[in-house]
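Novice: Need the 3D shape of this:
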Amino acid sequence: MDDEIHVVCPQCGGVNRASRAKLAEGKRPDCGACGAPLFDGAIDVANDAAFARHVARTSLPILVDFWAEWCGPCKVMTPQFVAAAIRLETRARFLKANTEILRETAARFGIRSIPTLALIRDGREVARQAGAMDVNSILRWAAGHGVE
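Specialist: So this is what the prediction gives:
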């Protein structure tokens, strides 16, 4: 059905169906399995398997912030990324991928500098931008790649 999308729960990893029309109306569903909110800003992905599940099973475009705890520019960008996630969260899934923890994911995407913002659609990276950005720059970048 064209009106339905699939969204992976950030808490339990369950795959949920959601109505595009209801999301457009501002309704934010909860997970059918565990009851956690499906849209709650940027999701800090716990491990490589969870990241792969989000990418494989989420119908929305996925914006990923590749970062590390020791990275100063990454720390500056985090609140900006979270603010962008809140503004666009039902139109895209926002994931934070700590490259020190998600080593396989970082290697798979060939991450060489951080922070790096990547846009994934249908399991494939379609755009990338290295360097810290403010919320307006993130929103413009996302819009320039079809996420509005």
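
Novice: in the protein, which helix has the most residues?
Specialist: helix 72-88 (DSSP state H).

Novice: Identify each buried residue in that one, please.
Specialist: For helix 72-88, a neighbour-count test (16 or more other CB atoms under 10 Å) marks 74, 77-78, 80-85, 88 as buried. Yep, even glycine has a C-beta here, placed from its N, CA and C like the rest.

Novice: I'd like the distance from the helix or strand just after it to the chain centre, please.
Specialist: On the C-terminal side of helix 72-88, the nearest following helix or strand under DSSP states H and E is strand 93-98. Relative to the centre of its chain, strand 93-98 is centred 4 Å away, using CA atoms, centre = their mean, to the nearest Å.

Novice: tell me what the following helix or strand past strand 93-98 is packed against?
Specialist: Once strand 93-98 ends, the next helix or strand along the chain (criterion: DSSP H and E) is helix 103-108. Other helices and strands packing on helix 103-108, by 3 or more CB pairs under 8 Å, 6 or more residues apart in numbering; DSSP states H and E, are helix 48-57.

Novice: Output the helix it packs on as CSV - backbone C-alpha positions only.
Specialist: Extracted C-alpha coordinates of helix 48-57, given in CSV (Å, rounded to 0.1, in the frame of the first residue of the first chain):
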residue,chain,number,x,y,z
ASP,A,48,26.2,-2.5,13.7
ALA,A,49,23.3,-5.0,13.6
ALA,A,50,20.8,-2.3,14.8
PHE,A,51,22.1,0.1,12.1
ALA,A,52,21.8,-2.5,9.4
ARG,A,53,18.2,-3.3,10.6
HIS,A,54,17.2,0.4,10.4
VAL,A,55,18.7,0.7,6.9
ALA,A,56,17.2,-2.5,5.6
ARG,A,57,13.7,-2.1,7.1
